[in-house]
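sequence first, then the predicted structure, then my questions.
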Amino acid sequence: METTGSKIFNLLLQNSLLQVGMSDDYGNVTHCNMHDLVYDLACSVLCENGLLQSRYIVYKHGGDGLLSIPKGQERYVRTLFFNGKVSDITFSDFKSLRTLTLVGEEDIDNLPTSIRELKHLRYLDISETRIKYLPDSIGELYHLQTLRAKNKREWMRSYLENLRHLHILANLSLPPEIGKLTSLQALPYFHVGGQKGYGISELGSLKDLKGKLEICNLEKVFDKNEATMADLCGKPGIYELKLVWGLLREGDEENEESVLEGLQPHPNLNSLDIFQFKGKSLQLWNGLGNLMEIKFEECSECEELPMLGYLPHLKCLYFGGLTNVKSIRSSFYGNIDNCKRDTISVLFPELERLELLDMPNLNEWQLMRAPSHFPCLQELEIRGMESSLPLENICGIKLSTLTHLIIDDIEGMECLPDWLFSNNHNLTKLNIWNFPKMTHLVPCLGGGGAPSLLRELRIFNCSILRELPEDLHNLNSLSRLEISDCPDLKSIPHPISSGGVGGHESVQGFALKESKEHIFGIFCIQCFAQNSFIHFCMITLGNVPLFIVKVTLKYVAKTATVH
């Protein structure tokens with residue numbers, strides 16, 4: 001049925017009867033709109049045939065009650081949003097109801113038996129109630145397809161066998177033998193348990209699962225054979241998968257590596273997240289050419305990264321908490337030695353975002369001889385590199401396509417590499433945090449080679465930073481400049497500090513905190529300059545060609561006279 005519906009939906013999109021309203025990161029349509037002309041035509045046809053009835057009702061307790069419905073018209077209502085006491089309504093009057101949402105954590109703690117009369121009900125949302133028990137009468141809702149629940153429930157699995165969508169919070173336990181709900185298509189979370197009916201094999205019979213799936217407590221999976229019983233490879237509809245091992249456990253690295261091997265997903269997978277895996281080697285499966293996003297989080301025992309450079313559609317790559325990784329070897333790019341050199345043109349051809357967080361022991365990044373690396377990389381975030389790995393060694397090349405760069409706590413860095421500004425003309429955001437040995441950013445931004453599109457520059461906690469580039473005024477697009485916890489910074493280049501924002505009309509945010517007496521800290525000034533509203537912190541009030549509307553001084557150690 002869903003396959004036929006999907007074909008019809010795509011046909012309506014192709015003919016513009018429906019329009020895409022919103023899509024997710026993987027191109028799947030999540031919301032759509034009806035064209036205004038189509039909507040008007042549909043309403044006109046319904047009116048001519050006397051079919052336009054009240055089909056959507058909202059009831060709020062304490063208001064004026066139900067919207068006025070002519071007697072006998074309740075049977076036409078398809079959707080009911082009810083916020084009040086269930087004793088105020090008789091469900092048997094709504095014979096055609098398809099969608100029912102109940103809201104009221106104070107007023108609703110049970111489902112009335114009259115709910116059995118809703119024979120056509122497809123969607124039931126009780127997530128905003130205190131209902132803990134599903135009554136026996138719910139077993140008569142043979143067409144119920146979607147159930148949303150938030151609080152812990154006493155489940156009655158035998159009454160839910162026709163469910164297609166079960167939406168619950170991550171901390172809720174599922175009913176035992178969930179595998180018998182063979183029509184399920186949406187199951188966002190599955191917690192592996194040690195008791196009968198809670199094993200990972202329950203997923204094996206759920207062939208129609210689609211969308212997102214997070215499997216938790218994988219430390220309770222005995223071996224690879226048990227892992228394969230989940231049959232993730234046989235679920236082509238799952239496009240986002242997260243595999244989670246528990247935190248408090250004694251890791252068996254060989255077992256966890258074999259379990260991971262047995263959890264091979266279908267090649268259609270778009271996003272993979274591996275969390276708290278304790279194996280030493282992260283070896284991914286073959287055939288995942290559709291992956292667009294990969295995350296490895298808190299895999300603290302991992303020593304070697306998998307081959308990823310060959311993935312043609314990978315756009316986002318995240319490494320966080322891989323504290324045992326010391327080297328990113330050439331194998332990270334792929335098994336290039338076994339390939340013909342002339343067939344290798346681009347590595348990581350579509351990667352746009354790379355994050356390296358909390359990898360304190362990383363001290364080597366081996367270079368590659370392929371013609372092109374990371375040709376589309378736009379966003380690079382590096383935090384917690386306590387080793388002496390130079391910034392230019394990260395990624396193994398001098399990047400030239402960056403638009404966003406965030407670097408935080410790279411041990412030993414005294415200044416940024418010369419190529420950063422001269423190569424990356426499209427850089428729009430630069431954040432520099434926690435560099436105890438940095439004395440200056442770069443001697444010069446590069447004159448005409450400065451990144452003219454840079455809009456945001458933020459510098460935090462650089463305790464011995466003494467100066468900024470003399471040609472900082474060449475950043476003509478700069479709209480936000482923040483400097484915090486840089487006590488040794490004694491001056492700001494002249495065009496910013498005096499001609500100032502007068503020679504730099506684009507600056508809208510300017511903050512300075514925790515500097516020595518050479519620069520006294522006026523925390524907030526609001527003013528207008530050339531019809532532009534500016535909210536910033538000035539360094540000196542002398543010779544500022546601005547009409548000051550409001551001045552607020554906070555945390556100023558020494559009082560200054562304002563003329």
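Here it is on my side, so go on. Treat the numbers as computed from the prediction; the structure is a model and nothing was measured. Numbering: from 1, shown residues only.

surely Asp408 and Gly384 touch.
Yes. Contact status for Asp408 versus Gly384: in contact at 7.0 Å, counting by CB atoms under 8 Å. Using the backbone N, CA and C atoms, a C-beta is placed for each residue, glycine as well.

which residues in the stretch 1-150 of the chain form helices?
Under the criterion DSSP state H, counting those that start in this stretch, the stretch 1-150 of the chain contains helices at 2-14, 36-48.

now do the strands in the stretch 301-450 of the chain.
Using DSSP state E, counting those that start in this stretch, the strands of the stretch 301-450 of the chain run over 316-320, 327-328, 346-347, 353-357, 364-365, 372-373, 379-385, 404-410, 429-433.

now distance to Glu202, mean pLDDT and mean neighbour count too, for these, in TSV please.
TSV is the format used below for the strands of the stretch 301-450 of the chain (distance: least, CB to CB, whole Å; pLDDT from 0 to 100; neighbours: other CB atoms under 10 Å):
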stretch	distance to Glu202	mean pLDDT	mean neighbour count
strand 316-320	30	96	19
strand 327-328	38	88	19
strand 346-347	40	84	20
strand 353-357	34	95	18
strand 364-365	42	84	16
strand 372-373	43	79	16
strand 379-385	38	90	19
strand 404-410	42	90	19
strand 429-433	45	92	19
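
need those strands in JSON lines with distance to Pro175, can you?
What follows is the strands of the stretch 301-450 of the chain, written out as JSON lines (distance: least, CB to CB, whole Å):
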{"stretch": "strand 316-320", "distance to Pro175": "34"}
{"stretch": "strand 327-328", "distance to Pro175": "44"}
{"stretch": "strand 346-347", "distance to Pro175": "47"}
{"stretch": "strand 353-357", "distance to Pro175": "37"}
{"stretch": "strand 364-365", "distance to Pro175": "48"}
{"stretch": "strand 372-373", "distance to Pro175": "49"}
{"stretch": "strand 379-385", "distance to Pro175": "41"}
{"stretch": "strand 404-410", "distance to Pro175": "44"}
{"stretch": "strand 429-433", "distance to Pro175": "47"}
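
which secondary structure element of the chain has the lowest mean pLDDT?
strand 524-529 (a mean of 36; mean pLDDT, DSSP states H and E).

now do the domain split for this protein, please.
Following the assignment in the TED database, the chain carries domains at 1-49, 412-493+514-539.

check those domains for me and report the most buried one.
domain 412-493+514-539 (a mean of 18; mean count of other CB atoms under 10 Å).

please identify the helix or strand for Glu261.
helix 253-262 (DSSP states H and E).

residue contacts, Glu298?
If you count contacts by CB atoms under 8 Å, 6 or more residues apart in numbering, Glu298 has them with Phe275, Gln276, Gly320, Gly321.

any idea which of the residues you listed is closest to Lys180?
Nearest to Lys180 among the contacts of Glu298: Phe275, at 28.3 Å, using CB to CB.

need phi/psi at that closest one.
phi -120, psi 120 (degrees, to the nearest 10).

ends of stretch 188-205, what's the gap?
16 Å (CA to CA, to the nearest Å).

what distance separates that stretch from the centre of its chain?
26 Å (CA atoms, centre = their mean, to the nearest Å).

cool, and stretch 288-295?
15 Å.

and it, which residues are buried?
By 16 or more other CB atoms under 10 Å, the buried positions in stretch 288-295 come out as Leu288, Asn290, Leu291, Met292, Glu293, Ile294, Lys295.

farthest pair within those?
So, those by CB to CB: farthest apart are Asn290 and Lys295, at 16.0 Å.

grab the nearest non-local neighbour of Ala186.
Once flanking residues are discounted, Ala186 sits nearest to His165: 3.9 Å by CB to CB, 6 or more residues apart in numbering.

that neighbour bridge partners, please.
Thr146, Ala186 (DSSP bridges).

what distance do you get for it to Leu187?
8 Å (CB to CB, to the nearest Å).

neighbour-wise, which of the two wins?
Leu187 (23 against 19; other CB atoms under 10 Å).

which ones are touching the more buried one?
Leu166, Ile178, Leu206, Leu209, Leu213 are the contacts of Leu187 under CB under 8 Å, 6+ apart.

can you get me a residue count around the residue nearest to Met229 when sequence neighbours are not counted?
Ranked by CB to CB, 6+ apart and with sequence neighbours excluded, the top spatial neighbour of Met229 is Ser201, at 3.9 Å. Neighbourhood size, Ser201 [other CB under 10 Å]: 17.

again with Glu304
18.

which one is it nearest to, not counting chain neighbours?
Glu304's closest residue in space is Ser281 (CB to CB, 6+ apart), at 5.2 Å.

how about low-confidence regions in the stretch 301-450 of the chain?
Counting by pLDDT under 70, the ranges of the stretch 301-450 of the chain that qualify are 335-344, 367-371, 387-388, 390, 392, 396-397, 443-450.

swap the cut-off to 90 and go again
304, 309-310, 327-347, 360, 362-374, 384-400, 409-426, 435-450 (pLDDT under 90).

how about the helices in it?
Remark: helices assigned in the stretch 301-450 of the chain by DSSP H, counting those that start in this stretch are 419-423.

can you tell me how far the residue nearest to Phe435 when sequence neighbours are not counted is from Pro487?
Closest residue in space to Phe435, ignoring its immediate chain neighbours: Cys462 at 4.8 Å, by CB to CB, 6+ apart. Separation of Cys462 from Pro487 (CB to CB) stands at 9 Å.

before we move on, what about Leu174?
Distance from Leu174 to Pro487, by CB to CB: 55 Å.

same check on Asn28?
Counting by CB to CB, the gap from Asn28 to Pro487 is 50 Å.

mind checking which of the buried residues of stretch 288-295 are in strands?
Glu293, Ile294, Lys295 (DSSP state E).

could you double-check that Leu475 lies in contact with Glu456?
No. The pair Leu475 / Glu456 is not scored as a contact, 10.2 Å apart, by CB under 8 Å.

tally of neighbours for Gln118?
Careful, residue 118 is Leu and not Gln. By other CB under 10 Å, neighbour count at Leu118 equals 24.

thinking again about what came up before, so which of the contacts of Glu298 is the closest to His143?
Looking across these and measuring by CB to CB, the closest to His143 is Phe275, at 37.1 Å.

just the pLDDT for the closest residue to Leu169 other than its chain neighbours.
Take Leu169 and drop its neighbours on the chain: the residue closest to it by CB to CB, 6+ apart is Lys150, 5.7 Å away. Lys150 carries a pLDDT value of 77.

against Gly27, how distant is Lys150?
30 Å.

ok, Ile382 - contacts?
Here Ile382 is in contact with Glu355, Leu356, Leu357, Leu391, Ile394, Ile406, Ile407, Asp408, Ile410 (criterion: CB under 8 Å, 6+ apart).

before we move on, the earlier item: quickly check the contacts of Glu298 for the two that are furthest apart.
The widest separation within those (CB to CB) is 11.1 Å, between Gln276 and Gly320.

mutual contacts of these two, please.
Joint contacts of Gln276 and Gly320 (CB under 8 Å, 6+ apart) are Glu297, Glu298.

tell me the confidence at Gly65?
Confidence score, pLDDT, at Gly65: 49.

that should have said Val556, apologies.
Value for Val556, per-residue pLDDT: 38.

now do Glu240
96.

thinking Cys376 is in contact with Thr401, fair?
Yes. Counting by CB under 8 Å, Cys376 touches Thr401, with 6.3 Å between them.

who has more neighbours out of these two?
Neighbour comparison, Cys376 and Thr401: the larger count goes to Thr401, with 16 against 13 (by other CB under 10 Å).
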